[in-house]
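*Asks:* Provide a 3D model corresponding to the input given below.
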Amino acid sequence: MYAIVRAGGRQEKVATGDVLTVDKLAGEVGSTVTFPAVLVVDGDDVVSSKADLANYEVTGEILGAVKGPKINIMHYRNKTGYKRRMGHRQPYTQVKITGIKAGK
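*Replies:* Numbering: from 1, shown residues only. From the prediction side, this is the model:
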C-alpha cells in the first residue's frame, strides 16, 4: 500500500516506514504530523476522489532537522568592480511515515 501526499508544495510517493525529506515543519522531534492524501493505492484498488480521500489519514513522526546542499550564488557586473558572493542552505525536516489508515 502506498499513497501520494502533498508535502511542502510538492507531491511525494510514500509507504509505511519511508523516510521523507520535506520543507521545514514546525514541531519538535518525536511529534506526529499528518499529510493530506492526493491518491491512495492498495493493491488493485485506487482511491482518488476527494470524498473517499477524506477518510484516509497519512501520519508521520518528525525525526529531526537537516540542511540541503550548499548553493553558491555569485553576482558580477562587468567593468564596475562589483562582485558579491553569497551562499544558501535550505532547511528541511525528515519525517518517517508511520501509517496510512482508512476510516478517520
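
*Asks:* From residue 44, how far off is the residue nearest the centre of the chain?
*Replies:* Against the mean C-alpha coordinate of the chain, by CA atoms, centre = their mean, the closest residue is residue 22 at 2.9 Å. Separation of residue 22 from residue 44 (CB to CB, to the nearest Å) stands at 29 Å. Any C-beta I mention is one placed from the backbone N, CA and C, and that applies to glycine too.

*Asks:* circling back to that earlier point, in this structure the residue nearest to the centre of the chain contacts residue 92, no?
*Replies:* Yes - counting by CB atoms under 8 Å, residue 22 does reach residue 92; the two are 6.6 Å apart.

*Asks:* Excluding chain neighbours, give the residue nearest to residue 88 in space.
*Replies:* The shortest distance from residue 88 to any non-neighbouring residue, by CB to CB, 6 or more residues apart in numbering, is to residue 71 (4.8 Å).

*Asks:* does residue 22 sit in a helix or strand, and which one?
*Replies:* Applying DSSP states H and E as the criterion places residue 22 in strand 19-23.

*Asks:* secondary structure class for the residue of the chain most remote from its centre?
*Replies:* Centroid-distance maximum for the chain: residue 79 at 43.7 Å, with CA atoms, centre = their mean. Of the three states, residue 79 takes coil under DSSP: H, G, I helix; E, B strand; the rest coil.

*Asks:* sorry, back to before: partners of the strand holding residue 22, with directions?
*Replies:* strand 91-101 (antiparallel) (DSSP bridges).

*Asks:* What is the neighbour count of residue 4?
*Replies:* Counted with other CB atoms under 10 Å, residues neighbouring residue 4 total 17.

*Asks:* next one: the one 10 residues further on
*Replies:* Using other CB under 10 Å, the number of residues around residue 14 comes to 21.

*Asks:* who touches it in this structure?
*Replies:* 2, 3, 4, 5, 20, 35, 58, 97, 100 (CB atoms under 8 Å, 6 or more residues apart in numbering).
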